[in-house]
Structure formats: structure tokens, C-alpha cells
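Colleague: Return a 3D structure for these sequence lines:
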Amino acid sequence: METLVSNPSILPVRPFTPVRIMGFTCNLRSTSCFTPSPEKVLLRRRRKIIGSGSGSSSSFRRKSVITCGVTEINESQFADLVLNSDRPVLVEFVANWCGPCRLISPAIDWVSQEYKEKLTVVKIDHDANPRLIDKYKVYGLPTLILFKNGEEVAESRREGAITKVKLKEYVDGLLKSISVA
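Modeller: Numbering: from 1, shown residues only. All right, here's what the predicted structure looks like:
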């Protein structure tokens, strides 16, 4: 089990004993306690070399996430694409710096493809659209809101990360409540 140590000098361990702290190796006599272990440094170097190379295929290369059917819109498009839509629209408020937003992004893409006959899914960047954030009182990210006939559907607001299974239950429940399913 990994432990976070705020003051390593108070630990009752022998000098020069390596301690595992939050994924990093720490030598308790060292002044730089939160430096990565040699294995992690080597792995980073290997990723950097392989990642910058041309055409080499390796397990170290990061896979890029492709957004399939989710359109990112802004304030000027909101009225046309959301409020004036003839079908329900699921709006996801996100930010690039938001970890939970990135975490649920594949599930939102899946919803967009799975429910494309019944529902439109759009994303709105939190930082680039402050008026929409204020108008709809988005306090947490990611926030999901379902709109139908130009209005927010009651009880449709959902904040925070969500699993794919729970997201399916959420969407199915919303569609059933507005009689689209």
C-alpha cells in the first residue's frame, strides 16, 4: 500500500531505506523526496523516443481518442442547435483541464452513437462560454442537462463522472420520462 508522507524525517526507518510514496521511490536521506524512480525515468525516456519516432509501433505509444458523434458548440450556436431543436438534446458542459470530463468522454461518445436516432448530444466548453455557464448555473464539471422543446427537462441535471452503465440508465430513464423511448 502506498502512503503519502509529508515529513519523511519523522519516520522510524533505517537510513537509506527506499520507501514507496505515491508511485515514486524515495530515499529518506535524500533532499529531493518526490523524484521518480529510475524505472519511471527510463520508461519516460523510452516513451519520448518511441513517441517521436516515425512509424514505429509500440505499446508505449499513447492512443489518441477520437470523438465520433459529439459536436462541440458555443454560445452563438446554442439557440439553434439546442433550444430550437425538434428532438431532445443532451448537453455536456466540459473543460479541457477537467479530469472527470476526459474520463467520461468515451461514454458520452458511445451515447451519441447508440442513441443517434432519439437524441442529439453536444458539448459546451466551460471556459469559452461563461454566459451559458451563468445562465444554467453549472457549478460542477462535467454537467449533463437534457433539453426538450427549448427547456431544461426537470430532474435531468447530473454532475460529476459517471460509468457507462450508469450513463445508459440515466439516458434511458430520461428518454422514458419524456416519452421518446
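Colleague: going forward, measure contacts and count neighbours with C-alpha atoms only.
Modeller: OK.
Colleague: Domain ranges for this protein, per the record?
Modeller: For the chain, automatic domain parsing gives the domain ranges 8-52, 71-177.
Colleague: Present these as a markdown table; the columns should include mean neighbour count and mean pLDDT.
Modeller: What follows is the domains of the chain, written out as a markdown table (neighbours: other Cα atoms under 10 Å; pLDDT from 0 to 100):
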| stretch | mean neighbour count | mean pLDDT |
| --- | --- | --- |
| domain 8-52 | 14 | 45 |
| domain 71-177 | 16 | 96 |
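Colleague: Could you confirm residue 93 falls within a helix?
Modeller: No - counting by DSSP: H, G, I helix; E, B strand; the rest coil, residue 93 is not part of a helix but strand.
Colleague: Now do the contacts for it.
Modeller: For residue 93, the contacting residues are 123-126, 138, 141-144, by Cα atoms under 8 Å, 6 or more residues apart in numbering.
Colleague: swap in residue 108?
Modeller: Neighbour list for residue 108: 70, 121 [criterion: Cα under 8 Å, 6+ apart].
Colleague: Quick check: it vs residue 102, distance?
Modeller: Look at residue 108 and residue 102: by Cα to Cα, to the nearest Å, they are 10 Å apart.
Colleague: For the chain, which segments are assigned as strands?
Modeller: For the chain, strands defined by DSSP state E occupy the ranges 18-21, 24-27, 71-73, 89-94, 120-125, 143-148, 151-152, 158-159.
Colleague: what's in contact with the fifth one?
Modeller: Contacting residues not belonging to strand 120-125 are listed as 69-74, 87-96, 108, 111-112 [Cα under 8 Å, 6+ apart].
Colleague: now the angle between strand 89-94 and that strand, please.
Modeller: For strand 120-125 against strand 89-94, the angle by axes from the mean of the first three to the mean of the last three Cα atoms, to 10 degrees is 20 degrees.
Colleague: Pairing partners for strand 120-125, with directions?
Modeller: Strand 120-125 sits in its sheet next to strand 71-73 (parallel), strand 89-94 (parallel), going by DSSP bridges.
Colleague: tell me the contacts of the closest residue to residue 86 other than its chain neighbours?
Modeller: Nearest residue to residue 86, sequence neighbours excluded (Cα to Cα, 6 or more residues apart in numbering): residue 149, at 6.7 Å. Residues near residue 149 by Cα under 8 Å, 6+ apart: 83-88.
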